[in-house]
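1. Pasting a predicted model and its sequence here:
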Amino acid sequence: MPTTAKPPFLVERNPGYFEYQLPISVKLVIDINGKIPLLKNERNEWELPGGKLEVGELPVVCVAREVHEELGLTVTVNSILDTWIYEITPQRHVFVVTYGAGYSGSETPRASNEHKELGLFAYDEVRDLNMPAQYKASIERWQALSAPR
């Protein structure tokens, strides 16, 4: 791959050897009495709450902090659900990690000014929403993992 044609998310470590250089976004599927809080972003897509990992920050700490900032909820993060590389645009990619959590606190979710809208959706409503398929897969995985046995 010629250096001039290299996408901005790749770094050439040695001649002809490229590695990803991506921001890391940590997201959380939160079950609040059978409803999943989702936030509408600037692309009019629904997304899970969460955000970018800061230097030196643990992913579980990051997602708990971001959920508190974006929804006003104090959460205990449970299981890692999934990881993938999401193409926001052909020139902008991000590495996404999703976790799951139940919520039994007394706080009411509210949207911060970072997003256009907050919605609480039942699991069966998620499949029809405008959102990346990988988020839908993480929500389905959390539903399966957290279902009573």
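-> All right, it came through fine.
2. what sits opposite the residue nearest the centre of the chain in the beta ladder?
-> For the chain, the residue sitting closest to the mean C-alpha position, by CA atoms, centre = their mean, is residue 27 at 2.9 Å. Judged by DSSP bridges, the bridge partners of residue 27 are residue 50, residue 98.
3. from what I can see it touches residue 98, true?
-> Yes. Between residue 27 and residue 98 there is a contact at 4.8 Å, judged by CB atoms under 8 Å. Glycine gets a C-beta too; all of them are placed from N, C-alpha and C.
4. which residues are common contacts for those two?
-> The overlap between the contact sets of residue 27 and residue 98 (CB atoms under 8 Å, 6 or more residues apart in numbering) consists of 48, 50, 135, 138.
5. where's the helix or strand hosting the third one relative to the chain centroid, distance-wise?
-> Element membership of residue 135 [criterion: DSSP states H and E] is helix 133-146. Distance of helix 133-146 from its chain centroid, counting by CA atoms, centre = their mean, to the nearest Å, is 12 Å.
6. Tell me how confident the model is about it, as a mean pLDDT.
-> Throughout helix 133-146, pLDDT has a mean value of 95.
7. Show me which positions of it end up buried.
-> 134, 135, 138, 139, 141, 142, 143 (16 or more other CB atoms under 10 Å).
8. Ok, stretch 72-87 next?
-> 73, 75, 77, 78, 81, 82.
9. so what secondary structure elements neighbour the helix or strand in which the fifth one is found?
-> Read it as residue 81. Counting by DSSP H and E, the element that carries residue 81 is strand 80-89. If you count contacts as 3 or more CB pairs under 8 Å, 6 or more residues apart in numbering; DSSP states H and E, strand 80-89 packs onto strand 92-102, helix 133-146.
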